[in-house]
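Enquirer: The following block contains a protein sequence and its predicted model.
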Amino acid sequence: MFKIMAQWISPKKSSSTVLAQDTLHTGAKGNKVDSLANLRTEPDLKAADVIQGLVLDNTNEIDIEKGLMHCGGNAALYRKLLGKFIQSNDDVLKQFQALGDDHEGKKRLAHSIKGNAGSLGLTQVYHCAVLLEQACFTSSDINASEVVDSLAVDLDIAAKKVIKQLNNQLSSTDVSESTLIEMTSIEVTEHFMVLQQAIVDYDSSAITSLETLQQVSRLQPIKAELKVLAEQLERFDFESANQLMVTIMKEFN
């Protein structure tokens, strides 16, 4: 149990192998779509028009349009996921150092932050997490370990910077979360596949993926099952979550 919890050290409580997540952000081989978000039609409204209660500007640290696109244009969901990111990553360096010599745990932590930051359009945090994850794969000697530690500091600085910006700019105005996301069956299936792989990998980006799916209009008939799935992930019950995920995907298809 403690090993599993260590793998989920990134989220507070709240895709997904390197290949799955890189597909989400950089595209897979064979000229497939560049990302799951790009399967959706580009929103007609600019970010400033769409986001109610969010006082944010696109900066080098935050790409609002990308984050909104991942959330299907649902500003309330985007705001909620940004809040989860703030809660989960207020001290990345402390989380990283707590893993000690657990190199696999460090890889998973960097990978999870990369996935969440990329999905939310937190560009600088994403790039720092990419570098850290890559370095973790070559951290077999002392010099490489020093590089990893240095990159962990860079990631912590980037995360704290964007969190400070979000805390300063997020409006306290309540936003209705009743807006649902429209997705085609193909889009839903793609998201399901990423979510399932995240569960198999004990990847914290599963929470973010599930939050998005819970807002999809065509999935409202199975919202009870998705709620149970969320509860299983909260309890770190990955075996049950994976079994339920298989059942949900079969029913949907």
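Expert: Structure received. Numbers count the residues shown, from 1 in each chain.
Enquirer: name the helices or strands packed onto the helix or strand harbouring Ile207?
Expert: Applying DSSP states H and E as the criterion places Ile207 in helix 205-213. For helix 205-213, the elements it packs on are helix 75-88, helix 103-120, helix 185-200, helix 223-234, judged by 3 or more Cβ pairs under 8 Å, 6 or more residues apart in numbering; DSSP states H and E. Backbone N, C-alpha and C define where each C-beta goes, glycine included.
Enquirer: Comparing those helices by mean pLDDT, which bottoms out?
Expert: Among those, helix 75-88 carries the lowest mean pLDDT, at a mean of 84.
Enquirer: per-domain residue ranges of the chain.
Expert: What automatic domain parsing lists as the domains of the chain is 2-169, 185-252.
Enquirer: Look at Tyr126 and say how many residues are nearby.
Expert: The tally of other residues near Tyr126 (other Cβ atoms under 10 Å) stands at 23.
Enquirer: That one reaches His111, doesn't it?
Expert: No: Tyr126 is beyond contact range of His111, at 11.5 Å (criterion: Cβ atoms under 8 Å).
Enquirer: Secondary structure class of the nearest residue to His111 once chain neighbours are set aside, three-state.
Expert: Spatial nearest neighbour of His111, chain neighbours left out: Glu133 (5.3 Å); criterion: Cβ to Cβ, 6 or more residues apart in numbering. Glu133 falls in the helix class when you classify it by DSSP: H, G, I helix; E, B strand; the rest coil.
Enquirer: Same check on Gly100?
Expert: Taking three-state DSSP, the label given to Gly100 is coil.
Enquirer: 7 is where my numbering starts, stick with that
Expert: With 7 as the first residue, the last one maps to Gly106.
Enquirer: State the number of residues packed around Asn174.
Expert: Count around Asn174 with other Cβ under 10 Å applied: 9.
Enquirer: which SSE is it in?
Expert: Per DSSP H and E, Asn174 falls inside helix 148-175.
Enquirer: Now do the contacts for Leu138.
Expert: Leu138 sits next to 116, 154, 157-158, 160-161 when contact means Cβ atoms under 8 Å, 6 or more residues apart in numbering.
Enquirer: closest one to Thr185 among the domains of the chain?
Expert: domain 8-175 (5.1 Å; Cβ to Cβ).
Enquirer: quick one: the closest residue to Ala116 other than its chain neighbours from Asp97, how far?
Expert: The shortest distance from Ala116 to any non-neighbouring residue, by Cβ to Cβ, 6+ apart, is to Glu139 (3.9 Å). Look at Glu139 and Asp97: by Cβ to Cβ, to the nearest Å, they are 19 Å apart.
Enquirer: which one of these two has more residues nearby?
Expert: More crowded of Glu139 and Asp97, by other Cβ under 10 Å: Glu139, with 24 against 14.
Enquirer: Quickly note the distance from that one to Ala104.
Expert: As defined by Cβ to Cβ, Glu139 lies at a distance of 18 Å from Ala104.
Enquirer: same deal with Asn95?
Expert: Distance of Asn95 to Ala104, computed by Cβ to Cβ: 14 Å.
Enquirer: When these two are compared, which one has more neighbours?
Expert: Asn95 (26 against 13).
Enquirer: Tell me who's in contact with the more buried one.
Expert: Contacts of Asn95 (Cβ under 8 Å, 6+ apart): 16, 101, 119, 122, 131, 165, 169.
Enquirer: with those residues in mind, which one is nearest to Val222?
Expert: Asn122 (19.0 Å).
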